[in-house]
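> Got a sequence here, can you model it:
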Amino acid sequence: MTTAAQDAELLARVLDGDHEAFNQIMRNHEDRVFSVCLRIVGEREQALDATQEAFLTAFRKAEQFKGNSALGTWIYRIAVNTCYDLLRKQKRRRTDPIPDHLEPADHAAEDAVDSAGLRPGIQRALALIPEDFRVAVVLSDIEGMALPDVAELLGVPVGTVKSRVFRGRRLLARQLGNQIE
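Below is the predicted model:
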């Protein structure tokens with residue numbers, strides 16, 4: 001985990017033309033960005049594409065970073081927007097996903113639960129709930145981000161995030177067969 005001061009120093013070096021500094025920023029944030037992308041889009045290859053596109057966008061727009069939030073938060077926001085774009089394109093041209101049993105485990109994950117991947121049922125259920133709710137649930141419940149951080153990342157009030165997480169959890173529970181009154 002990097003500090004805001006380390007990220008600020010690296011970003012200053014990037015703006016001075018130091019490409020190795022951006023590589024370090026990527027190494028510092030790539031696992032969490034990939035994890036967020038994977039849980040939002042649901043397929044490893046698409047998540048890899050979204051992660052790559054998010055970092056390319058961050059690199060191209062590095063001079064636009066205002067410092068109003070942590071650099072990591074800014075990059076996660078880019079990643080979430082990239083995933084939204086990918087999902088919108090995907091809705092236009094539906095394809096059949098690779099069967100769950102063929103999807104390789106993510107060996108770079110931090111713990112055994114992550115490396116085993118989400119249970120196929122949870123992954124399918126996440127894919128069936130609306131994007132706004134899915135993103136809120138992924139960021140808060142799966143990624144463990146605090147609600148104010150999720151609100152900042154999504155650019156919405158904390159109350160909206162609370163509502164989306166609550167409704168997303170209910171929809172997810174219904175998709176998983178857990179009846180909630």
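
> so how far is residue 155 from the closest residue to residue 175 other than its chain neighbours?
Once flanking residues are discounted, residue 175 sits nearest to residue 125: 3.6 Å by C-beta to C-beta, 6 or more residues apart in numbering. From N, CA and C alone the C-beta is placed, and that goes for glycine too. With the distance defined as C-beta to C-beta, to the nearest Å, residue 125 ends up 26 Å from residue 155.

> circling back: buried sites along the host helix or strand of the residue nearest to residue 175?
Counting by DSSP states H and E, the secondary-structure element that holds residue 125 is helix 120-128. Going by neighbour count (16 or more other C-beta atoms under 10 Å), the buried part of helix 120-128 is 123, 125, 126.

> Show me what the helix or strand that it is followed by is packed against.
Using DSSP H and E, the next helix or strand after helix 120-128 towards the C-terminus is helix 131-137. Other helices and strands packing on helix 131-137, by 3 or more C-beta pairs under 8 Å, 6 or more residues apart in numbering; DSSP states H and E, are helix 19-41, helix 71-92, helix 120-128, helix 147-154, helix 158-175.

> Residue ranges in this structure under the pLDDT threshold?
Low-confidence segments of the chain (pLDDT under 70): 1-2, 92-119, 178-181.
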